[in-house]
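Visitor: build me a model from this:
(chains A, B, C, D and E)
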Amino acid sequence: MCGRFTLTVPTYELLASSLGIAPSPEQAALYRPRYNVAPGNATWILRMRDGVRELSQAEWGLVPRWTKELAGARRPINARGETLRDKPSFRSSYDKRRCVVVSDGFFEWKPGPRGKEPIWFHPKDGGLLLYAGLYDEWRDPEGAELHPTFAVITTTPNELVRPVHDRMPVVLRGDAVSRWLEAPLDPSTGHAPAELDALLAPPGEGVLVALPVSRRVNDVHHDDPSVLRADEPEAANDEATPRGQTLSLFGDVTPPRTKRRAR
DNA sequence: CCAGACGTTGTT
DNA sequence: GTCTGG
DNA sequence: CCAGACGTTGTT
DNA sequence: GTCTGG
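Guide: Residues are numbered from 1 along each chain as shown, chains lettered A, B, ... in the order given. Purely as a prediction, here's the structure:
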């Protein structure tokens, strides 16, 4: 699946150097660590541009270039690796516009006694987690604006993720990153070479670990380090419950939201 | 041929 | 139940 | 992915 | 743009 992820690297400079990218001051100004990247958000992708790796922002939810109206357009956030070649929305991006989605962990939810309980899957040894992705650029017919968007490719889960969900993002490691980004078209078919299909497999065991985290992450407005902390355990005995205080039957009482933004 | 869709996940 | 917004 | 809305007319 | 359904 993969419908929410993190990119918590503290600075753009550290991110760029980890990816072997020449830093751009303009891009640096746009960077901030993210603890709750949600569909529709702008975030960071890596792609080839004139033969060079480029780190840039794109919006999560792929809008194919042939889309007539941006309003109301479907924006798939995921693309099944098994069927990329068959789908009009993905086929040309698979051939010509592959990207890498830059992250350091993703969330999956499982139902629990206290509601949807989020689990953060992230690299055991820390560092980046890179997903195989597709992008496209939609051009507004009224203007010259290019609107870049992307989708994360999914595959079957490995043993770690399987108990929680039946899909997971395709993770690229080592030389799979450059193979994914740089493979030329197969001259005999005019499409992406068959060797790319082999990359769209679940990661081996031991790459990722699972950490239960705070249900605060369920709300997309919570985008700070607190989402990666464990929730307070439910006060189950009088030691943990201050005298005279009544537990809510409905779980924690969230303070009122900050004022809505006017439109 | 033209018209219309073009996606995924999860839940019931 | 289904759509929209983030 | 989850959370929250889900509507119209007319008036300012 | 490209595929599917009729």
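
Visitor: which positions in chain A make contact with DNA strand B?
Guide: Within chain A, the positions near DNA strand B by C-beta under 7 Å from any atom of the strand are A:1, A:66, A:74-76, A:78-80, A:83, A:87-90, A:111, A:154, A:165-167. All C-beta spots, glycine's among them, are computed from the backbone N, C-alpha and C.

Visitor: list only buried entries from those.
Guide: A:1, A:75-76, A:78-79, A:89-90, A:154, A:165, A:167 (16 or more other C-beta atoms under 10 Å).

Visitor: list the residues that contact the residue nearest to A:Val227 when sequence neighbours are not counted.
Guide: Once flanking residues are discounted, A:Val227 sits nearest to A:Val217: 4.0 Å by C-beta to C-beta, 6 or more residues apart in numbering. Shown in contact with A:Val217 (C-beta atoms under 8 Å, 6 or more residues apart in numbering): A:4, A:35-36, A:107, A:118, A:120, A:227-228.

Visitor: need those in CSV (columns: neighbour count, distance to A:Val209 and pLDDT).
Guide: What follows is the contacts of A:Val217, written out as CSV (neighbours: other C-beta atoms under 10 Å; distance: C-beta to C-beta, whole Å; pLDDT from 0 to 100):
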residue, neighbour count, distance to A:Val209, pLDDT
A:Arg4, 24, 18, 98
A:Tyr35, 21, 17, 98
A:Asn36, 21, 19, 98
A:Phe107, 24, 14, 98
A:Pro118, 24, 15, 97
A:Trp120, 23, 9, 98
A:Val227, 21, 17, 97
A:Leu228, 20, 13, 98
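
Visitor: ok, and of the residues you listed, which contact DNA strand C?
Guide: A:Arg4.

Visitor: which ones among the contacts of A:Val217 lie within helices?
Guide: Members of these lying in helices (criterion: DSSP state H): none.

Visitor: going by distance to DNA strand E, which of the contacts of A:Val217 wins?
Guide: A:Arg4 (28.0 Å; C-beta to the nearest atom of the strand).

Visitor: which strand or helix spans the closest residue to A:Ile77 other than its chain neighbours?
Guide: Nearest residue to A:Ile77 in three dimensions, chain neighbours excluded: A:Pro39, at 4.6 Å (C-beta to C-beta, 6+ apart). Following DSSP states H and E, one finds A:Pro39 outside all helices and strands.

Visitor: the contacts of A:Val217 in strands, which ones?
Guide: Judged by DSSP state E, the contacts of A:Val217 include A:35-36, A:107, A:118, A:120 as members of strands.

Visitor: quick check: pLDDT value at the nearest residue to A:Pro212 once chain neighbours are set aside.
Guide: Using C-beta to C-beta, 6+ apart and skipping the chain neighbours, the partner closest in space to A:Pro212 is A:Ile119 (5.5 Å). For A:Ile119, the pLDDT comes out at 98.

Visitor: OK, contacts around A:Ile119?
Guide: So A:Ile119 contacts A:107-110, A:164, A:210-213 (C-beta under 8 Å, 6+ apart).

Visitor: rerun that using 10 Å as the cut-off
Guide: A:105-110, A:160-161, A:163-165, A:210-213, A:217 (C-beta atoms under 10 Å, 6 or more residues apart in numbering).

Visitor: phi first, then psi, for the one residue in the stretch 51-200 of chain A that gets nearest to DNA strand B.
Guide: Nearest residue of the stretch 51-200 of chain A to DNA strand B (C-beta to the nearest atom of the strand) works out as A:Lys87 at 2.9 Å. Torsion angles at A:Lys87 (phi, psi; degrees, to the nearest 10) stand at phi -100, psi 120.

Visitor: okay, it and DNA strand D: tell me how far apart.
Guide: Noted for A:Lys87: a distance of 18 Å to DNA strand D, by C-beta to the nearest atom of the strand, to the nearest Å.
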